[in-house]
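1. Next one to model:
(one chain, ligands or ions: 1)
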Amino acid sequence: MNSFETIGSVFKLQPVNTVQMRNVMLVGDSGVGKTCLLVRFKDGAFLAGSFISTVGIDFRNKVMNVDAVKVKLQIWDTAGQERFRSVTHAYYRDAHALLLLYDVTNRASFDNIQAWLSEIHEYAQQDAVLMLLGNKADATHDRVVKREDGERLAKEFGVPFMETSARSGLNVELAFTAVAKELKHRSMKDPSENFKLQEYVNKEMRGAGCC
Ligand SMILES: Nc1nc2c(ncn2[C@@H]2O[C@H](COP(=O)(O)OP(=O)(O)OP(=O)(O)O)[C@@H](O)[C@H]2O)c(=O)[nH]1
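-> Numbers count the residues shown, from 1 in each chain. Sure thing, here's the model as predicted:
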């Protein structure tokens, strides 16, 4: 069965069990692990070795199966370096979801989250899905940002939060699944389904023995 979907003034056939491509943008300071998170999610591997900073922006596509619905994600891996900021500003407007990362071993990357949030509020769509991720949770010896600090900040700004690790894979699939579920829910507008991103994340984190 097919439904008609309007794109501008053009009608395009879209199977009902497929959600149109959604853009997910990864943002945060340089070195927090955006590229590694994406590679872990896409390829199930960890990019060990020397750190090569992203130049401008990179794209990867992934189709997720969410409750028997295909959700096509185009994931934008942005450069965290200040000098590329004007390039990334141009992409915010078309992002349906943003994953904002800090590095639990880097206090400055956590302190900069408020500045990132201001930037997101300035450039992104008001209704874009937003989630805060404290990455490198595997690096227990080098940790300088407590999980509770991340939780507190996320609560203050009303955004869902979880810690992740691109190295171990902790919560990587879950973070993208949560976003994909929310995007699917918004896109399908199914009144019988009462999906709440924050509740889903909280439930999954409790199920994983966290918090
Ligand atoms: N221990 C640990 N190291 C990580 C993790 N994720 C990334 N790293 C390391 O952190 C460094 C930076 O990772 P990237 O993914 O390139 O960082 P980025 O945020 O994409 O950086 P920019 O492209 O400059 O914005 C690399 O040396 C990675 O190996 C993680 O989950 N745990």
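2. in a strand, that's where Met21 is, yeah?
-> Yes: counting by DSSP: H, G, I helix; E, B strand; the rest coil, Met21 is part of a strand.
3. so what's it closest to, chain neighbours aside?
-> In this structure, Met21 finds its nearest non-sequential neighbour in Lys72, 4.5 Å apart by C-beta to C-beta, 6 or more residues apart in numbering. (Glycine included, C-beta is placed from N, CA and C.)
4. Got the phi and psi for Asp187?
-> That one is not Asp; residue 187 is Ser. phi -80, psi -40 (degrees, to the nearest 10).
5. Quick check: bridge partners of the residue lying closest to it once chain neighbours are set aside?
-> Nearest residue to Ser187, sequence neighbours excluded (C-beta to C-beta, 6+ apart): Val19, at 4.6 Å. Judged by DSSP bridges, the bridge partners of Val19 are Val71.
6. wouldn't Val19 be in contact with Lys70 here?
-> Yes: the pair Val19 and Lys70 qualifies as a contact (C-beta atoms under 8 Å) at a distance of 6.8 Å.
7. higher neighbour count, these two?
-> Set Val19 next to Lys70 and count neighbours by other C-beta atoms under 10 Å: Val19 wins out with 23 against 14.
8. ok, back up a step: tell me the pLDDT of the residue nearest to Met21.
-> With respect to pLDDT, Lys72 has a value of 96.
9. Kindly indicate whether Asp58 is helix, strand or coil.
-> Per three-state DSSP, Asp58 ends up strand.
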